[in-house]
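# Sequence plus the predicted model coming up.
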Amino acid sequence: MGITEYQIERQKISLKPCPFCGGEARLKKHQRLEQTWYVQCSKCGIRTIYSTQAPYESWKDAMKCAVNQWNARVENGKID
Ligand SMILES: [Zn+2]
């Protein structure tokens with residue numbers, strides 16, 4: 001349990017544990033929507049909103065956006 005780390009093209013991405021249950025956070029790709037990412041707690045299932053790639057962004061930016069959203073919410077103690 002605790003921080004989940006991903007290595008994405010030499011960049012390390014860290015996900016903080018779930019603010020509600022302390023479960024492990026997972027970075028996920030949406031199954032149907034193209035280039036859409038979100039972060040979900042593996043234990044209670046709470047997740048961030050979907051982060052979709054904007055036309056000017058790379059898929060990595062959309063992914064990082066989801067990660068930032070998760071980590072920011074953890075700090076605020078709430079999630080959408
Ligand atoms: Zn949780």
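That came in fine, so what should we check first?

# so where is the chain shaky, pLDDT-wise?
Scanning the chain with the threshold set as pLDDT under 70 gives 1, 77-80.

# which parts of it sit against the ion?
With the criterion set to CB under 5 Å from the ion, the chain comes near the ion through Cys18, Phe20, Cys21, Gly23, Cys41, Lys43, Cys44. (C-beta placed from N, C-alpha, C; glycine too.)

# all strands for this structure, in order.
Assigned strands in the chain, in chain order: 4-8, 11-15, 25-29, 36-41, 51-52 (criterion: DSSP state E).

# Return the list of helices and strands in contact with the longest one.
Just to be clear, that refers to strand 36-41. If contacts are counted by 3 or more CB pairs under 8 Å, 6 or more residues apart in numbering; DSSP states H and E, strand 36-41 sits against strand 25-29, strand 51-52, helix 59-76.

# Show me what counts as buried in the first one.
By neighbour count, and taking 16 or more other CB atoms under 10 Å as the criterion, the buried residues in strand 25-29 are Ala25, Leu27, Lys28.

# one step back: make CSV out of the helices and strands packed on strand 36-41 and add distance to Glu9.
Output for the helices and strands packed on strand 36-41, formatted as CSV (distance: least, CB to CB, whole Å):
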stretch, distance to Glu9
strand 25-29, 14
strand 51-52, 18
helix 59-76, 7
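
# Which of the buried residues of strand 25-29 sits closest to the ion?
Ala25 (8.0 Å; CB to the ion).

# Quick check: the gap between Gln11 and the ion.
Going from Gln11 to the ion by CB to the ion, to the nearest Å gives 25 Å.

# What is the burial count for that residue?
Gln11: 9 surrounding residues under other CB atoms under 10 Å.

# Tell me if I'm right that Lys64 and Leu15 touch.
No - Lys64 is beyond contact range of Leu15, at 11.4 Å (criterion: CB atoms under 8 Å).

# Give me the more crowded residue out of those two.
Using other CB under 10 Å as the criterion, Lys64 and Leu15 rank with Leu15 on top: 22 against 18.
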